[in-house]
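Engineer: just coords:
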Ligand SMILES: C[S@@+](CC[C@H](N)C(=O)[O-])C[C@H]1O[C@@H](n2cnc3c(N)ncnc32)[C@H](O)[C@@H]1O
């Protein structure tokens, strides 16, 4: 029997953690706050004993992506072994974008979204937090992985005191919102049939969309 646990925290690359530790169709809710491809470096700032900001800081993570061997390998894996529609989409994006920084970022996300789809229960829900830098591409990837019919909403998170609002000055409309893409697990559609056995799908048959209505796949 599986070990009972509450609030288990894994430290490491989430691709490895997902593959090594998280079983198929085992997760009810995923909230994903990944890098946004902001090209910024985020630091951890330390405070002095009196509470003032210290000059000491360490780099927490760099949100800058470059096409390289790792991207090439991930791209190849998704195109050859991933969901067919996602592979088609990734190839089309590569033709459109070329092997550039955005493509490196999207490939990094695509290979992880495939794993998230694998671990999400058919009745589960996933929220992907991003911003307009890449939300349009990410929504297409999510459609390719979870199915466009499972899209529920694109929630706008408006910032009340947005830093970028002040930084950019009066040169543009304020860039003041993040996007949260909300999808449900595949309770219908054809994507999941590649992954789940028929017996596993039987309880969800009542929710299935008839083939004619589902032909967009
Ligand atoms: C946008 S930040 C979100 C931070 C956190 N949600 C918060 O509010 O403080 C993205 C986070 O993803 C982490 N990250 C980036 N690539 C990762 C990976 N391959 N596996 C696990 N975490 C990763 C970064 O270190 C960073 O902490």
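Structural biologist: Ah, there it is. Note that the structure is predicted; figures quoted are calculated from it, not measured. Residues are numbered from 1 along each chain as shown.

Engineer: please report how far residue 31 lies from residue 128.
Structural biologist: The span separating residue 31 from residue 128 equals 8 Å under the rule C-beta to C-beta, to the nearest Å. Any C-beta I mention is one placed from the backbone N, CA and C, and that applies to glycine too.

Engineer: between these two, which has more neighbouring residues?
Structural biologist: Regarding residue 31 and residue 128, a neighbour count based on other C-beta atoms under 10 Å identifies residue 128 as having more, with 24 against 10.

Engineer: helix or strand for the more buried one, just tell me which one.
Structural biologist: strand 120-130 (DSSP states H and E).

Engineer: report the buried residues of that strand.
Structural biologist: Buried residues in strand 120-130, counted by 16 or more other C-beta atoms under 10 Å: 120, 122, 124-130.

Engineer: quick one: strands adjacent to it?
Structural biologist: Strand pairing for strand 120-130, using DSSP bridges, gives strand 27-32 (parallel), strand 177-184 (antiparallel).

Engineer: the next helix or strand after that strand and the ligand in contact?
Structural biologist: Of the helices and strands lying after strand 120-130 in sequence (DSSP H and E), the nearest is helix 135-146. No. Using C-beta under 6 Å from any ligand atom, helix 135-146 stays clear of the ligand, with a minimum separation of 13.2 Å.

Engineer: now helix 135-146: how far from the chain's centre is it?
Structural biologist: 8 Å (C-alpha atoms, centre = their mean, to the nearest Å).

Engineer: what of stretch 25-40?
Structural biologist: Averaged C-alpha coordinates place stretch 25-40 at 5 Å from its chain's average position (C-alpha atoms, centre = their mean).

Engineer: end to end on that stretch, go ahead and measure it.
Structural biologist: With C-alpha to C-alpha, to the nearest Å as the measure, the first residue of stretch 25-40 is 34 Å from its last.

Engineer: again, but for stretch 110-130
Structural biologist: Using C-alpha to C-alpha, the gap from the first to the last residue of stretch 110-130 comes to 14 Å.

Engineer: low-confidence ranges, the protein, go.
Structural biologist: By pLDDT under 70, the weakly predicted segments of the chain are 1-3, 44-49, 51-58, 161-169, 187-201, 203-217.

Engineer: what residue in it is the furthest from its centre?
Structural biologist: Ranking residues of the chain by C-alpha distance from their mean position (C-alpha atoms, centre = their mean) puts residue 50 at the top, at 39.5 Å.

Engineer: and stretch 153-162, anywhere near the ligand?
Structural biologist: No. Using C-beta under 6 Å from any ligand atom, we find that stretch 153-162 stays clear of the ligand, coming within 12.2 Å at best.

Engineer: around the ligand, pick out the residues from the protein.
Structural biologist: For the chain, the residues found near the ligand under the criterion C-beta under 6 Å from any ligand atom are 13-14, 33-35, 61.
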